[in-house]
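J.: here's my sequence, what's the structure:
(chains A, B, C, D, E, F, G, H, I and J)
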10 protein chains.
Amino acid sequence: MNRDEVTAAIVAARLERGISWQELADLTERPVVWLTAALLGQHPIPAGEAKLVVDALGLNPAVIPILGAVPVRGGDPALAADPTIYRFHEALSVYGQALKELIHEQFGDGIMSAINFSIDLQRKELDGAARIVVTFDGKFLPYDWTAGA
Amino acid sequence: MNRDEVTAAIVAARLERGISWQELADLTERPVVWLTAALLGQHPIPAGEAKLVVDALGLNPAVIPILGAVPVRGGDPALAADPTIYRFHEALSVYGQALKELIHEQFGDGIMSAINFSIDLQRKELDGAARIVVTFDGKFLPYDWTAGA
Amino acid sequence: MNRDEVTAAIVAARLERGISWQELADLTERPVVWLTAALLGQHPIPAGEAKLVVDALGLNPAVIPILGAVPVRGGDPALAADPTIYRFHEALSVYGQALKELIHEQFGDGIMSAINFSIDLQRKELDGAARIVVTFDGKFLPYDWTAGA
Amino acid sequence: MNRDEVTAAIVAARLERGISWQELADLTERPVVWLTAALLGQHPIPAGEAKLVVDALGLNPAVIPILGAVPVRGGDPALAADPTIYRFHEALSVYGQALKELIHEQFGDGIMSAINFSIDLQRKELDGAARIVVTFDGKFLPYDWTAGA
Amino acid sequence: MNRDEVTAAIVAARLERGISWQELADLTERPVVWLTAALLGQHPIPAGEAKLVVDALGLNPAVIPILGAVPVRGGDPALAADPTIYRFHEALSVYGQALKELIHEQFGDGIMSAINFSIDLQRKELDGAARIVVTFDGKFLPYDWTAGA
Amino acid sequence: MNRDEVTAAIVAARLERGISWQELADLTERPVVWLTAALLGQHPIPAGEAKLVVDALGLNPAVIPILGAVPVRGGDPALAADPTIYRFHEALSVYGQALKELIHEQFGDGIMSAINFSIDLQRKELDGAARIVVTFDGKFLPYDWTAGA
Amino acid sequence: MNRDEVTAAIVAARLERGISWQELADLTERPVVWLTAALLGQHPIPAGEAKLVVDALGLNPAVIPILGAVPVRGGDPALAADPTIYRFHEALSVYGQALKELIHEQFGDGIMSAINFSIDLQRKELDGAARIVVTFDGKFLPYDWTAGA
Amino acid sequence: MNRDEVTAAIVAARLERGISWQELADLTERPVVWLTAALLGQHPIPAGEAKLVVDALGLNPAVIPILGAVPVRGGDPALAADPTIYRFHEALSVYGQALKELIHEQFGDGIMSAINFSIDLQRKELDGAARIVVTFDGKFLPYDWTAGA
Amino acid sequence: MNRDEVTAAIVAARLERGISWQELADLTERPVVWLTAALLGQHPIPAGEAKLVVDALGLNPAVIPILGAVPVRGGDPALAADPTIYRFHEALSVYGQALKELIHEQFGDGIMSAINFSIDLQRKELDGAARIVVTFDGKFLPYDWTAGA
Amino acid sequence: MNRDEVTAAIVAARLERGISWQELADLTERPVVWLTAALLGQHPIPAGEAKLVVDALGLNPAVIPILGAVPVRGGDPALAADPTIYRFHEALSVYGQALKELIHEQFGDGIMSAINFSIDLQRKELDGAARIVVTFDGKFLPYDWTAGA
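T.: Below you'll find the model as predicted:
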């Protein structure tokens, strides 16, 4: 069983048992975006949390070391065309160059780290309508030409 | 002169005169991400604000109606490979499917609008290091099978 | 069993039993385009309607929660080359920019929603020949730079 | 001057003179979607209508025979990523296979012609909100294995 | 069993039993190009002819309704690189624009239908060498802006 | 001036002077498909015919040696999306594998040459409707493992 | 069992039994490049040679008619990135246009046939180092506009 | 003037003056394939040979240092679709994997160098027909895991 | 079992048994980058080392000849999007052209061999932070137009 | 003048004046790989160093602010096919996954930074042959789920 097959088993068991992502996050005491991404195959999961999930979903404990290995990240590029995910890429195609210009103007030459990083999803209300608020929060890394000793 | 040529002229004049994006935003009393994106060719700019920018940058006033037309949005796909912009796409390749799952779990079947939408860039500090915080804020649009009267 | 496998089982059972899409739409009291798209894997199907379809096609009731989850939308890009589907994309390659210009001229800067949206297929006759009339009907969403409270 | 250059000149002159697509359609007594598409380079324009447009926009009459030649249709694929145009392609990625199935169920094996065809854009209101209604109307062409005498 | 699997079974059984495409065409009294394309998954096959083929190849009669459904046309794009098929695409890359110009000069603005259409393969001899003669024969469809009543 | 620029000059001069491809073919006593393809940049044109065309179109005689050089064949892939040209590629996506099978069944293992080859366009009538008949006629080349002496 | 599966079985059995390509070529009295390519799925193999190979590798004789059918040629495009194969494509990216120019200068307008063709691999020594010498040998085919009688 | 512009000037001047590649090779006493590739932008040309070519073609001597710089190799990928060049790539798609297998069987694990390499084009006759014989001749480089001192 | 399947079995068994790549390298007395790459399917592995690995991982000894064959190198292009691997490609997109210029300035016209080559990974410390130092070390190969005797 | 045009002017002036990259690096007291990459358009160049380069190459001082702006990084993807640059990408296709595995084994889950990073090119000798040694040296960044205060 490879990591992709473990991911598929998690997705199927979760639907079958009717367990929410939030419940799995609460069970493991992890941020819900992190835990959901990890269970979808994007992060290694320490054995303790992995065991809790495996028990809750009724999976074979043999998958725990597989969940603990660093995965190949990135997943299926076809996902980018799903309308719910596409809107984020569309926003970047419209505003990405502006973000680049303003990062350079306000921080200097560098990038927002996607490694020292967290992402958060919140619900807000405005004039009686729900709004999705997603926050990318990453350390600024200045271009820095450094060589090890 | 088409919109792409006007954009190039804005970029060149801004560097030559040493005017910041923030100064142009202050001049036009617009949010700086919106104004920067608009000047980079992503939004129509009303004649009043366009005139202020054209004067500040010393451009030909004949470009004002061109700035006022709705542009073809999206720009150059090669931009997505610039490291500063790429990190946002990388974050979506790692966390995009998790965002989709959690939007559906918390809001139901639908999307975050990229039209009724704003984006914000802030600087925060943590343990003496600067962090880039980018917020995507869009109205939740539930899938709704509706036909006009 | 994942959603793709459920879709394949629906397609096979429908042919085997000789049940039309219209009959399934009537059975579930849903618009036929919506129901057909949903059964082809593009929309979640509430448990009530899902049960009616599962019974009619003789499928395993265990697929009902899978039909109820929000799917990854968009399907196989190879479908776009099928001649019957291609003609719609060809029409957009010829008329898409004109639609964009006229939406902006008549409605302002914005888009037709594909979420608050319905699509309809009708048969008309003209001079003794059948015509296919497909109507895209979506709410106009103006570009609106709004942030949640 | 080739057709692309003539198209660019039309687009620029229209903005400069502040003439709407509808006014050009009225001037030439043509349907506005057809005329807009034709001026954007998708259809040949008969010399009579071409002369009316050329006069209204102050273009060189030497472009009239170029406007009269059948163009290479289809234009720039980058246009498909503009959000206003993209929503139509997104709708087809979600509903295209359903349209194919229902065309076959209701009409038999064949296609909607994109040649014996018209497309229309209307504004409707529903609950105080504007809706964009776009109708694709094409002759049904059944697959018909026929050889000339 | 889906249509692709039925096609694979037909291809295998035909080789195993040593039956030619021409024999299957004679058996079903269909043009050989049409029947071969249909058995390779490009056209629905009426139950009568399908039964004759199924019997001749010793297939399971349960595939007959699958053969009767309209397939997704187009097949595997990798086929276009096979040298025997590639030569046709090469000829179009060299002569396609000339065909377009001459269709417009001799017929007006329009297309050759690929739906009201047949294709024929003949062997000719010239100076003692065999020549392959393939004829595309399709109805001329003039661009015709028509809306249903 | 390179060959592409010469081709563009030919296309422009032909429209301006209102000369048909057939007239140029008659002038040079060449098959009209060959001559049109050659003038569109797909074949070298001997100096005699080139001079006749150059005179008829009022071009600079300095282009004659450029027209005489063997060009890079194949042209712009965007042309394949033009609806008039696309229908030929669509026919090959539906019938190409069948042609391959029947070439092998009737001729053996080999290809239709696209070099020892001609292509013809004819108009036929059937039941009062015009039909476009395009014939590909190429020498059969059997796979033949041969080495020079 | 289709041709790809037969190819995989040949590759596996050859490794398992430790039989070289040269031994299979000697056994069948065929040129080694031809036989290797044919066993890798690029040529039909007559029943006599096929039987010799099947016996030597211990395969099921039922694959003999599958080996005798004309395959879809070309194989997996990922192979072109293997370093050993890539060097040939690299040489063509550097020298291909020069070969084209010199073929036209020395032979006239035409191509080297890849059908009436053989390819040979030899080992040479120079200054104590081994050199790989690969010879492409194909009939010159002049562009020849010919139609069958 | 960059290298691409120098190449275009060489190509144009050669046609205008009617000088063959062979004459330029003789003038510079270089192998004709090497010199042709170099003049088409694939190799640096030493100042001595560059001056001979520049004089023969009547070019500006200022291009000599540009011809002497190492170019970006590889040129336009569209060239690979020209039929004369395509046949070489087609031969590799059919025989490339066989060459790989035989290189490994006869030489061991490694590649044919495309750097310590030459390529030759010869004309042979067989049964009264001309054959093009192209020889790739490269040093065998065994995979060798070596680190510098 | 083909090489890809053997690779998958190695990856799974290593995780299950908790054996590190370094332990396998120590066991076989091979450089750890070479051995890891080889076990991931990029190099043939001599029978002696292969047996040691097969024993340590509890695999079937029948895979030893498969591990000994030269593989198709290069693997899955999707790997290039994994963030840990992507950073190396990003560095080449930023510094690759500079490396090319400096190789030519310091060594002359040629390449760094990727065949007579080794790669090394080291950990260094700087100001209390760990640094990854990866060294590419390849023989310089000058472009050298040589033909075998 | 945009950055691409400034880069082209630098490349041309350097060849014309015969100034080496190393001389420009010495002049500006910058590491030669950094300075070369920067002059090729990959880094902003402070006004002091920019002035030194502009003077040495005889460029217009108006380009100094353009050299000081943060560029769009990454350049032309066609460069990756140049043989000298390609060998680095080939090494990553062979060894990239092994580097990933070993980074995770030796450092934990994270990446080598390409921002806090330097790259160095050295010449070494081994057995009388020159070797190119390129060192990538980047800070290890562990995946760290952190949000700003």
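
J.: tell me where chain A has strands.
T.: A:110-126, A:129-142 (DSSP state E).

J.: what sits against residue A:58?
T.: Contact analysis of residue A:58 by Cβ atoms under 8 Å, 6 or more residues apart in numbering or on different chains lists A:13, A:17. Glycine gets a C-beta too; all of them are placed from N, C-alpha and C.

J.: let me fix that, I meant to ask about residue A:40.
T.: Neighbouring residues of residue A:40 by Cβ under 8 Å, 6+ apart: A:7, A:10, A:11, A:75, B:97, B:98, B:101.

J.: show me what contacts the residue lying closest to the second one once chain neighbours are set aside?
T.: Pointing back at residue A:10 there. With Cβ to Cβ, 6 or more residues apart in numbering or on different chains as the measure, residue A:39 is the residue that lies nearest to residue A:10, at 5.3 Å, once sequence neighbours are left out. For residue A:39, the residues meeting the contact criterion (Cβ under 8 Å, 6+ apart) are A:7, A:10, A:21, A:24, A:45, A:53.

J.: for the fifth one, list the residues it contacts.
T.: Residues in contact with residue A:45 (Cβ under 8 Å, 6+ apart) are A:38, A:39, A:53, A:67, A:68.

J.: again, only this time at 10 Å
T.: Listed by Cβ atoms under 10 Å, 6 or more residues apart in numbering or on different chains, the contact partners of residue A:45 are A:28, A:30, A:34-35, A:38-39, A:51-54, A:63-64, A:66-69, A:71.

J.: cool, the last one as well?
T.: Residues touching residue A:53, when contacts are defined by Cβ under 10 Å, 6+ apart, comprise A:10, A:13-14, A:19, A:24, A:27-28, A:35, A:38-39, A:45, A:59, A:63-64, A:67.

J.: residue A:101 too?
T.: For residue A:101, counting by Cβ under 10 Å, 6+ apart, the contacting residues are B:11, B:14, B:20-21, B:32-33, B:36-37, B:39-40, B:84, J:69-70.

J.: can you add pLDDT and give these back as a markdown table?
T.: Compiled in a markdown table, the contacts of residue A:101 are given as follows (pLDDT from 0 to 100):
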| residue | pLDDT |
| --- | --- |
| B:11 | 94 |
| B:14 | 95 |
| B:20 | 97 |
| B:21 | 98 |
| B:32 | 97 |
| B:33 | 97 |
| B:36 | 98 |
| B:37 | 97 |
| B:39 | 98 |
| B:40 | 97 |
| B:84 | 97 |
| J:69 | 96 |
| J:70 | 97 |
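
J.: quick check on those residues: which are buried?
T.: Buried subset of the contacts of residue A:101 (neighbour count, 16 or more other Cβ atoms under 10 Å in any protein chain shown): B:11, B:14, B:21, B:32, B:33, B:36, B:37, B:39, B:40, B:84, J:69, J:70.

J.: now residue A:145. Its backbone dihedrals?
T.: Comment: the main-chain dihedrals of residue A:145 come out as phi -80, psi 90, following degrees, to the nearest 10.

J.: just to revisit the earlier point, mind listing which of the contacts of residue A:45 are in helices?
T.: When these are checked against helices using DSSP state H, the ones located there are A:28, A:34-35, A:38-39, A:51-54, A:64, A:66-68.

J.: check the contacts of residue A:40 and tell me the two furthest apart.
T.: Between all members of those, the longest pairwise span (Cβ to Cβ) is found for A:10 and A:75 and amounts to 13.8 Å.

J.: any idea how far the nearest residue to residue A:66 once chain neighbours are set aside lies from chain D?
T.: Counting by Cβ to Cβ, 6+ apart, residue A:66 lies nearest to residue A:6, which is 5.4 Å off, once chain neighbours are set aside. Counting by Cβ to the nearest Cβ, to the nearest Å, the separation of residue A:6 from chain D is 29 Å.

J.: what does residue A:39 give?
T.: For residue A:39, the distance to chain D (Cβ to the nearest Cβ) stands at 27 Å.

J.: likewise for residue A:131?
T.: With distances taken as Cβ to the nearest Cβ, residue A:131 is found 18 Å from chain D.

J.: do residue A:132 as well
T.: Distance, residue A:132 to chain D, using Cβ to the nearest Cβ: 17 Å.

J.: quick one: pLDDT of that residue?
T.: On pLDDT, residue A:132 comes in at 97.

J.: residues contacting the closest residue to it other than its chain neighbours?
T.: The shortest distance from residue A:132 to any residue other than its chain neighbours is 3.9 Å, reached at residue B:112 (Cβ to Cβ, 6+ apart). Taking Cβ under 10 Å, 6+ apart as the criterion, residue B:112 is in contact with A:84-85, A:87-88, A:91, A:121, A:130-134, B:99, B:103, B:136-141.

J.: what do you get for residue A:142?
T.: Residue A:142 sits next to A:107, A:108, A:109, A:110, A:111, B:130, J:115, J:116 when contact means Cβ under 10 Å, 6+ apart.

J.: closest one of those to chain C?
T.: For those, the residue nearest chain C by Cβ to the nearest Cβ is residue A:107; the value is 21.8 Å.

J.: what residues are up against that closest one?
T.: Applying Cβ under 10 Å, 6+ apart as the definition, the contact partners of residue A:107 turn out to be A:140, A:141, A:142, B:84, B:121, B:123, B:130, B:131, B:132.

J.: what do you get for residue A:64?
T.: Under the criterion of Cβ under 10 Å, 6+ apart, the contact list for residue A:64 reads A:6, A:45, A:46, A:47, A:48, A:49, A:50, A:51, A:53, A:54.

J.: and it, how far from chain F?
T.: When Cβ to the nearest Cβ is applied, the distance between residue A:64 and chain F equals 48 Å.

J.: ok, the residue of chain A at minimum distance from chain F - contacts?
T.: Using Cβ to the nearest Cβ, residue A:81 is the residue of chain A that sits closest to chain F, at 20.2 Å. Contact analysis of residue A:81 by Cβ under 10 Å, 6+ apart lists A:89, C:72, C:73, C:74, C:75, C:77, D:89, D:90, D:93.
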